[in-house]
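K.L.:
would you be able to build a 3D model of this:
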Amino acid sequence: MAVPLHRGLSNGSRISGQGCQLYRNYMKDSLENGFGSPRAPLRIIHVFGKLGVLLVVLLVLSGSLYWAASISTASSDNVFRGYRRLQENLVAELSVISDLSLGGAKLKELDFCPPEYEDYVPCYYNVSENSDVKVPDRTAEYDRKCIWGSDKDLSCLVLPPRNYRIPLRWPTGRDFIWKENVKITGHEFSSGSLMKRMMVEEEQISFRSDSLMVDGVEDYAHQIAEMIGLMNESNFNEAGVRTVLDIGCGFGSFGAYLFTKQVLAMCIANYESSGSQVQITLERGIPAILGSFTSKQLPFPFLSFDMLHCARCGIEWEKNDGIFLVEVDRLLRPGGYFVWTSVASSHRVASNKDNEKWTFIREFAESLCWDMLSQQDETIVWKKTSKKKCYNSRKKSGLAFCDKSHDIESPFYQPLQHCIRGTRSPRWIPIEDRTHWPLQANLNSTELNVYGLHPEDFAEDTIYWNSAIRNYWSLLSPLIFSDHPKRPGDEDPSPPFNMLRNVLDMNAKFGGFNAALLDAGKSVWVMNAVPTSGPDYLSLILDRGFIGVQHDWCEAFPTYPRTYDMVHAEGLLSLETHQRRRCSITDILLEVDRILRPEGWLILRDTAPLIEEARTTTTQLKWDARMIELESDGDAKLLICQKPFFRRQQY
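P.N.:
Numbers count the residues shown, from 1 in each chain. Below is the predicted model of the structure:
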């Protein structure tokens, strides 16, 4: 268990909780007896009490200024690491003093949600929306629909399942998850997609490397590589394949295997009331997000991925005049691959000339300027053209080019469009001509010019985040590993010896936080969220070989509870409060609590007033928190929080 963050520490010792309580009780009695009373002695006592508190504050501040002056010549990094302990103690003392001056009045802590909300996902059909109606079958598709204010009554903290256990460390957690951590029923074990199989043991669900299923995934990846024309799957990067969108991913086995080949696959699947592909994939430490092809464009810009993969994903590609294939074309980079594995694409079906569905899909793919590279068994691989002239000479298919007025670079909540984007975008670069991973993460001056960025600004951003990551780890490492380097029953962790795997950056900007974590050798993946209320650099993030999504933080994030080990946000509170006031800091942090795992971490950096307001909110959320002054930026503060592990009581 991580070492708890203690509030109220002074010079290494804890302030007596009994003494604080006696003082609060005394002040409470004085205020209740003296409020509105003409008796002078009680008023005098009240005044002297306040003067005493003020004197203590002045003494503490004087000590802080003295120590600050003594280290003012230190480097910024040393100031961050050495000065932080003094500042933490000062802030903790002032918090206690503030409580005393208010006569013990505190914000009320939020209650825990009822048990039926343990897997609650706002904006989808949920138990809270109609508790009297039986949840439909899990195979049904659900459309995301967020209505602001509809979840206002659910101002409570989502508790984990009764027998929840902290997930195993990466990479062990990739192959074993605790059965009680996910909502699953019997039929998920044998039905579903090509990759949707697992072995159930007494307490765990196993995806072991020596199982037949994982061996099957390895053979499957090798088959795809050969169909593309590569020696094996280790050559995906050399062919320009770095990011993959895995549609209906099963339980993430394909993505888990590709990760070992430096290919980053993100699962996207529909909301499911139980046996969720997304929930289990995230539990394994593999990128995943809720989404659907059925109604709206996915929240990714034009030319986002090197490969789209569908293995028995359940999408009927011939429906609605091929509009789902048009969405695939929108997301694929030129030269990218669409891999489709289905019974409907088998040789037996494809050779049937009377099969109207297959005939339509084949001809529609040709009209999109896709070349069918190969067909083996149930798998077909198409390659999107990288030749611009194809679009001018293509067969007439009724598909028009999208109008320039379509904001296709920012597709948040945009309807599916039955038109194709031309080649006029400066981002139209064939994947084989792009810089290959890992050099891809460091865009050159020509590539940066597409986004209106100067190389100096990009380099400065890189230096800043590399320094910030070192500082963050200097704060977190002693807290995570000081007493318990590993939990009982865990295997010895592999380098880099950290507990973090799933990371969410709420205001990703250029993706610098993601890049710095990888440069530091952290075995993590980052979901880079680009707020709709700020500048949109999501296409830049994706072009760097990372993954991300556009999101409105006044809405719930499209994921299940307890899916991230760390959430990071720099400048997000300023962005949301300055742009609009539709939602409060409490609303945003309440959503963070929902998606953060027990014992997970939140790092917030913002202006001092907003961090102080957020620090107050953490009390309501029952988080352990430390507020830290930043010597390098007098107007900013850092707030580091840890979500405690509250166990659900037996019923």
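K.L.:
and the next helix or strand past the longest strand along the chain?
P.N.:
Taking DSSP state E as the criterion, the chain has its longest strand at strand 596-607. Following strand 596-607 in sequence order, the next helix or strand is helix 608-620 (DSSP states H and E).
K.L.:
state the next helix or strand along the chain beyond that following helix.
P.N.:
Following helix 608-620 in sequence, per DSSP H and E, is strand 624-629.
K.L.:
the longest strand of the chain - what's its average pLDDT?
P.N.:
Strand 596-607 shows a mean pLDDT of 95.
K.L.:
switch to numbering from 45
P.N.:
OK, 45 is where the count begins now, so the last one is strand 640-651.
K.L.:
direction included, what does that strand pair against?
P.N.:
strand 608-614 (parallel), strand 680-686 (antiparallel) (DSSP bridges).
K.L.:
if you compare these, which one is most tucked away?
P.N.:
strand 608-614 (a mean of 24; mean count of other CB atoms under 10 Å). Glycine gets a C-beta too; all of them are placed from N, C-alpha and C.
K.L.:
report the angle between that one and helix 652-664.
P.N.:
150 degrees (axes from the mean of the first three to the mean of the last three CA atoms, to 10 degrees).
K.L.:
any idea which helix or strand comes after strand 608-614?
P.N.:
The helix or strand immediately downstream of strand 608-614 is helix 616-623, counting by DSSP H and E.
K.L.:
contacting residues around that following helix?
P.N.:
550-551, 575, 577-578, 597-598, 627, 629, 632, 648, 650-651, 654-655, 658 (CB atoms under 8 Å, 6 or more residues apart in numbering).
K.L.:
rerun that using 10 Å as the cut-off
P.N.:
549-552, 573, 575-579, 596-598, 613, 615, 626-629, 631-633, 648-651, 653-655, 657-658, 680, 683 (CB atoms under 10 Å, 6 or more residues apart in numbering).
K.L.:
may I see the buried residues of that helix?
P.N.:
Within helix 616-623, the residues scored as buried using 16 or more other CB atoms under 10 Å are 616, 617, 618, 619, 620, 621.
K.L.:
quick one: that helix to strand 680-686, angle?
P.N.:
Using the same axes, to 10 degrees: helix 616-623 against strand 680-686 is 120 degrees.
K.L.:
avg pLDDT for helix 616-623?
P.N.:
Helix 616-623 carries an average pLDDT of 86.
K.L.:
cool, stretch 458-471 as well?
P.N.:
The average pLDDT within stretch 458-471 is 84.
K.L.:
same thing with stretch 280-297?
P.N.:
Mean predicted lDDT for stretch 280-297 stands at 94.
K.L.:
alpha carbons of the longest strand of the chain, in CSV - could you do that?
P.N.:
C-alpha atoms of strand 640-651 as CSV (Å, rounded to 0.1, in the frame of the first residue of the first chain):
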residue,chain,number,x,y,z
LEU,A,640,-9.0,7.2,-11.0
ARG,A,641,-8.0,3.9,-9.5
PRO,A,642,-7.8,3.5,-5.7
GLU,A,643,-4.4,4.6,-4.6
GLY,A,644,-4.1,6.5,-7.9
TRP,A,645,-2.5,9.9,-8.2
LEU,A,646,-3.6,13.3,-9.5
ILE,A,647,-1.1,16.1,-10.4
LEU,A,648,-2.6,19.5,-10.9
ARG,A,649,-0.6,22.6,-11.8
ASP,A,650,-2.3,26.0,-12.2
THR,A,651,-2.6,29.5,-10.8
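K.L.:
quick check: angle from it to strand 668-673?
P.N.:
Using the same axes, to 10 degrees: strand 640-651 against strand 668-673 is 20 degrees.
K.L.:
what comes up buried for strand 640-651?
P.N.:
In strand 640-651, counting by 16+ other CB under 10 Å, buried: 640, 641, 642, 643, 644, 645, 646, 647, 648, 649, 650, 651.
K.L.:
same check on stretch 408-423?
P.N.:
So for stretch 408-423, counting by 16+ other CB under 10 Å, buried means 408, 409, 411, 412, 413, 414, 422, 423.
K.L.:
ok, so what distance separates the first one from residue 384?
P.N.:
Read that as residue 408. As for residue 408, its distance to residue 384 is 13 Å (criterion: CB to CB, to the nearest Å).
K.L.:
and for the third one?
P.N.:
Here the distance between residue 411 and residue 384 works out to 17 Å (CB to CB).
K.L.:
the helices in the stretch 345-494 of the chain, which residues?
P.N.:
Counting by DSSP state H, counting those that start in this stretch, the stretch 345-494 of the chain has helices at residues 367-375, 391-394, 400-411, 433-437, 489-493.
K.L.:
got the contact list for residue 211?
P.N.:
217, 220-222, 225, 326-329, 543, 545-546, 606, 609, 641-642.
K.L.:
kindly recompute the last result at 8 Å.
P.N.:
With CB under 8 Å, 6+ apart, residue 211 has these contacts: 217, 221, 222, 225, 327, 329, 641.
K.L.:
now swap in residue 291 and tell me
P.N.:
Here residue 291 is in contact with 312, 313, 337, 352, 353, 354, 357, 359 (CB under 8 Å, 6+ apart).
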